[in-house]
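**Q** Return atomic coordinates for the entry below.
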Amino acid sequence: MSVVSTESSTAVPHAKYERLIAAARQVPPAATVVVHPCDETSLKGACEAAEIGIIKPILVGPTTKIRDTAARFDLDISGFELVDAPHSEAAAARGVALIAEARGELLMKGSLHTDELMRSVTAKDGGLRTNRRISHVFVVDVPTYPETLFITDAAINIFPDLDAKRDIVQNAIDLFTQVGLGNHPRVALLSAVETVTTKIPSTIDAAALCKMADRGQITGGVLDGPLAFDNAIDVEAAEIKGIKSPVAGRAQILVVPDLEAGNMLAKNLIFLAKADAAGIVLGARVPIVLTSRADSVRARMASCAVAVLYAHARRRFQPIAA
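**A** Next comes the predicted model:
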């Protein structure tokens, strides 16, 4: 199912997310293991996604606390399966086990720390690792930018090496194509400058990744880099610098040098450009929805929608090998 926009460069606020959510409502809801949904934000997010018909939640955590939270905030969880676990660490382990038992197609973070959940996901015994590096993608709806923008990796890999960046890029390309945003996404490999220099290692990584794509080590996307941020997203800036490429000025996926740069970029867009940012973790046996207490309702729904569309695509293709 395609959710590609035919809009002109005049962007409509939040229209990109609305298309993703609408597309997710057209596919079967995904069984979703929600880990430790013991606060209003996480439990309400699961309820809202279930209400519009895109997920079927399985709530994992201390059942008394989950029911008390539902009662306190007037949330109806009567139709959801509850699986008892005494605390957040146990809930993470049990949630991962349910995925391993093929009880769910998605894993969703509740009111526990991301590192608690990811410890269970990445455990050598009983975890959800695959032959891909696990990475995070922000799916960003910037009102002033015509494209749905991916930023990766801004949450998992702190200082990724070249091999890790290869998987980070491939994960993002696969997500972009499989959720229906189009084929051959334009991937900008960001740095501080657009020329290769030994003084800035990220420029060398960017050049190497472009050559890896030329040799078929990265597939499905059109890569260019190094590119400074302005050259990646602004056509005029790219023209002034004399950069001629199908990516410059029109990027759809932004690959950052490290987590610090990516996190600051994403939060700048959220708090200064009034963007929404949905979050999803890739490279595990199932997509993992990461939500934050600061997320808007629309961003939480978009996170679920992206994961549901990706899970639906995986039903039709061979999953990533374990």
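**Q** And for residue 41, the neighbour number?
**A** By the criterion of other Cβ atoms under 10 Å, residue 41 has 18 neighbours. From N, CA and C alone the C-beta is placed, and that goes for glycine too.
**Q** Could you pull out the helices in the chain for me?
**A** 15-24, 40-51, 63-72, 88-100, 114-121, 162-178, 201-214, 229-233, 235-240, 259-272, 297-316 (DSSP state H).
**Q** Out of the ones you listed, which gets nearest to residue 281?
**A** Closest of the helices of the chain to residue 281 is helix 114-121, at 7.8 Å (criterion: Cβ to Cβ).
**Q** Mind listing residues that contact the closest one?
**A** 35, 88-89, 92-93, 95-96, 107, 109, 126-129, 134, 155-156, 281, 284, 288, 290 (Cβ atoms under 8 Å, 6 or more residues apart in numbering).
**Q** repeat for stretch 71-80
**A** 40, 43-44, 46-47, 50, 57-59, 66-67, 69-70.
**Q** can you tell which of the helices of the chain is closest to residue 140?
**A** That would be, of these and by Cβ to Cβ, helix 259-272, which comes in at 5.9 Å.
**Q** got a list of contacts for the closest one?
**A** Contact partners of helix 259-272, identified using Cβ under 8 Å, 6+ apart, comprise 138, 140, 142, 149, 151-159, 190, 229, 254, 256, 275-277.
**Q** just to revisit the earlier point, which among the contacts of helix 114-121 count as buried?
**A** Neighbour counting by 16 or more other Cβ atoms under 10 Å classes 35, 88-89, 92-93, 95-96, 107, 109, 127-128, 134, 155-156, 281, 284, 288, 290 among these as buried.
**Q** For the contacts of stretch 71-80, which single residue is the most surrounded?
**A** Neighbour counts for the contacts of stretch 71-80 (other Cβ under 10 Å) peak at residue 59, which has 30 neighbours.
**Q** Residue 84 is in contact with that one, correct?
**A** No: here residue 59 lies out of contact with residue 84, judged by Cβ atoms under 8 Å, at a distance of 9.7 Å.
**Q** Narrow the contacts of helix 259-272 to just the buried residues.
**A** The buried subset of the contacts of helix 259-272 (16+ other Cβ under 10 Å) comprises 138, 140, 142, 149, 151-157, 190, 229, 254, 256, 275-277.
**Q** Now, the residues you listed that are in strands?
**A** The strands, defined by DSSP state E, take in 138, 140, 149, 151-152, 190, 254, 276-277 from those.
**Q** Nearest to residue 102 among those?
**A** The closest of those to residue 102 turns out to be residue 152 (Cβ to Cβ; 27.8 Å).
**Q** Can you list the low-confidence ranges for the protein?
**A** Within the chain, the segments meeting pLDDT under 70 span 1-13, 293-294, 317-322.
**Q** Walk me through the domains of it.
**A** Split into domains by automatic domain parsing, the chain comes to 25-130+284-322, 132-280.
**Q** contacting residues for the nearest residue to residue 159 once chain neighbours are set aside?
**A** Among residues not flanking residue 159 along the chain, residue 258 sits closest, at 5.1 Å (Cβ to Cβ, 6 or more residues apart in numbering). Counting by Cβ under 8 Å, 6+ apart, residue 258 makes contact with 157-160, 202.
**Q** Could you check how far residue 258 is from residue 164?
**A** Distance, residue 258 to residue 164, using Cβ to Cβ, to the nearest Å: 11 Å.
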